[in-house]
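**Student:** need a 3D model of the sequence below.
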Amino acid sequence: MYTASHGAYGLVWLLKHCAFPDNNWNQKQTLLGAVNSFLLVLGPYWLSPYLLISRSAPSASILRCSVAVAVSTLGMVIMIAADAQKSFTLKYKKGLIRSGMFALVRHPNYTGEMMIYSGFAAMVDTWLVWAVLAWVWIEVFHTNILFKEASMSRYPEWAEYKARTGLLLPWLPSMFQTITEESSKSK
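**Tutor:** Predicted coordinates:
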């Protein structure tokens, strides 16, 4: 199940990269930067499959693996939908994206990535994998999110947008307000 799920994610990511590439992945990298990326992020991500292959981690139940695959798959959908929306919206209109995947969550692509790797980690069933994810999410994702928030704060509508959206998960009062507003518009 892990191989199928992680393999599907690899194919989804390649499809996304070919259909609407993120220019951040096309920037030149120094040798030291590439080594650091592997040692601090990409390499530790391989702990999960290594523990499974080496049979060093306890086997997760079929139920746990099924839920993990569902979470991972939903994460892939959220990540690719958010990245596609961002790519195509910014291609034609610069500015703050406040609709679609970004209507309730300011960083749905990070939410999707975290769901993907949470699903992978749940299939391995050991604290060590969760520690690696915590490191990456705090050190890399949190840092990137802070830079992105600072960049988005230059837009005049930022304060209102930030007040009604969640960082990684929907802000529930705003979610119910949005649903109510949409429902009254359709009547």
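**Student:** buried set for stretch 59-72?
**Tutor:** 60, 65, 68, 69, 71, 72 (16 or more other Cβ atoms under 10 Å). Backbone N, C-alpha and C define where each C-beta goes, glycine included.
**Student:** swap in stretch 7-26?
**Tutor:** 9, 12, 16.
**Student:** and the pLDDT for the second one?
**Tutor:** With respect to pLDDT, residue 12 has a value of 94.
**Student:** go on, the first one?
**Tutor:** Residue-level confidence at residue 9 comes out at 94, pLDDT.
**Student:** what mean pLDDT does stretch 84-95 have?
**Tutor:** 93.
**Student:** actually stretch 127-134, sorry about that
**Tutor:** Stretch 127-134 comes out at a mean pLDDT of 93.
**Student:** got the contact list for that stretch?
**Tutor:** With contacts defined as Cβ atoms under 8 Å, 6 or more residues apart in numbering, stretch 127-134 is touched by 44, 45, 47, 48, 51, 57, 114, 117, 118, 120, 121.
**Student:** now with 7 Å?
**Tutor:** With contacts defined as Cβ atoms under 7 Å, 6 or more residues apart in numbering, stretch 127-134 is touched by 44, 47, 48, 117, 121.
**Student:** quick one: neighbours of the nearest residue in space to the fourth one that is not next to it in sequence, just the number.
**Tutor:** The spatial neighbour of residue 117 that comes closest, neighbours along the chain excluded (Cβ to Cβ, 6 or more residues apart in numbering), is residue 133 at 5.6 Å. Residue 133 has 19 neighbouring residues, counting by other Cβ atoms under 10 Å.
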